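[1] Got a predicted model here, sequence first, then my questions.
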Amino acid sequence: MKKILLSLCLLIVISCTSRKENKTVPQADVPKALQDNKENKLTSYSKRGSEDLVEKLYDEKVKSTPALQEIEILTDKLNDAGDDSLETYNDFKAKNQQYYNSASSHLNSIKDSLLKKEIQWVIERNTLAYNNKISGLNDLVTNLNGKSGSADDHHSALMILISLGMMKEYQEKNMPSPIPIESVINNYSNLIQKMDSVIHKNK
């Protein structure tokens with residue numbers, strides 16, 4: 001019985017040692033976003049502040065890549081410029097919509113049916129003229145939104161490809177050794193064999 005306990009203790013020590021050795025193996029060129037430091041908090045370059053690993057890896061690459069830094073700066077500037085350029089347009093459209101809603105409400109309060117139809121025709125004519133005047137701006141806004149959406153798509157593709165390259169390098173340089181796992185499997189096999197031997201003797 002003492003021999004069995006001694007063997008079990010030895011197996012446990014070997015297993016624990018294997019786990020410790022596996023954890024202490026230095027990882028080569030591991031990006032900060034993939035390191036096992038729970039206290040590590042990357043500050044997002046573009047201030048997204050996300051815990052998304054694709055963004056964290058990309059943001060880390062941005063810090064060491066001038067070309068990506070330029071893209072991020074231009075992206076932020078264009079996003080701000082787009083918002084600024086639409087501010088007056090959106091305010092103008094909102095005020096016109098507010099007016100026509102109010103005019104429609106007043107129109108509905110007119111009891112005289114002939115007068116009501118006359119005023120309704122005037123409002124419709126004015127609305128049509130307004131829509132014709134603003135159609136050019138509407139087309140420009142549609143174009144702007146399309147460009148902005150396309151830039152967002154390209155930015156997502158860029159983040160994926162950059163982070164995929166980092167992950168590929170991480171996978172190639174930091175693949176865990178199978179030796180600790182194989183060692184524990186062998187130890188389990190030996191343990192089971194010893195227990196089978198004792199079971200057989202005590203049948």
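    Structure received. Worth saying up front: this structure is predicted, and the values here are computed from it rather than measured.

[2] how close does the residue positioned nearest the centre of the chain sit to residue 71?
    The geometric centre of the chain, computed from its C-alpha atoms, lies nearest to residue 52 (Cα atoms, centre = their mean), at 4.5 Å. Counting by Cβ to Cβ, to the nearest Å, the gap between residue 52 and residue 71 amounts to 18 Å. All C-beta spots, glycine's among them, are computed from the backbone N, C-alpha and C.

[3] likewise residue 94?
    Taking Cβ to Cβ as the criterion, residue 94 is separated from residue 71 by 33 Å.

[4] cool, residue 144 as well?
    For residue 144, the distance to residue 71 under the criterion Cβ to Cβ works out to 19 Å.

[5] Looking at the two now, which is surrounded by more residues?
    Residue environment comparison for residue 144 versus residue 71 gives the larger neighbour count to residue 71, 17 against 14, counting by other Cβ atoms under 10 Å.

[6] Double-check the more buried one against residue 159; I have them as touching.
    No: applying Cβ atoms under 8 Å as the test, residue 71 and residue 159 come out as separate, 10.6 Å apart.

[7] what is in contact with these two at once?
    Among the neighbours of residue 71, none is also in contact with residue 159 (Cβ atoms under 8 Å, 6 or more residues apart in numbering).

[8] Beyond the longest helix along the chain, next helix or strand please.
    For the chain, the helix reaching the highest residue count under DSSP state H is reported as helix 113-173. The element immediately downstream of helix 113-173 (helix or strand, assigned by DSSP states H and E) is helix 179-201.

[9] next one: that following helix to chain centre, how far?
    Centroid displacement of helix 179-201 relative to its chain, using Cα atoms, centre = their mean, to the nearest Å, is 45 Å.

[10] What's the mean pLDDT across the helix or strand hosting residue 102?
    With elements taken from DSSP H and E, the one containing residue 102 is helix 66-108. For helix 66-108, mean pLDDT rounds to 97.

[11] so what does that helix touch, helix or strand wise?
    Counting by 3 or more Cβ pairs under 8 Å, 6 or more residues apart in numbering; DSSP states H and E, the packing neighbours recorded for helix 66-108 are helix 53-63, helix 113-173.

[12] Now do the longest one: which elements does it pack against?
    Contacts of helix 113-173 with other secondary structure elements, assessed using 3+ Cβ pairs under 8 Å, 6+ apart, are made with helix 53-63, helix 66-108.

[13] tell me which residues in the shortest one are buried?
    If you call a residue buried by 16 or more other Cβ atoms under 10 Å, then helix 53-63 has these buried ones: 54, 55, 56, 57, 58, 59, 60, 61, 62.

[14] Distance of the residue nearest to the fifth one when sequence neighbours are not counted relative to residue 79?
    Among residues not flanking residue 58 along the chain, residue 159 sits closest, at 4.2 Å (Cβ to Cβ, 6 or more residues apart in numbering). Using Cβ to Cβ, we find residue 159 at a distance of 16 Å from residue 79.
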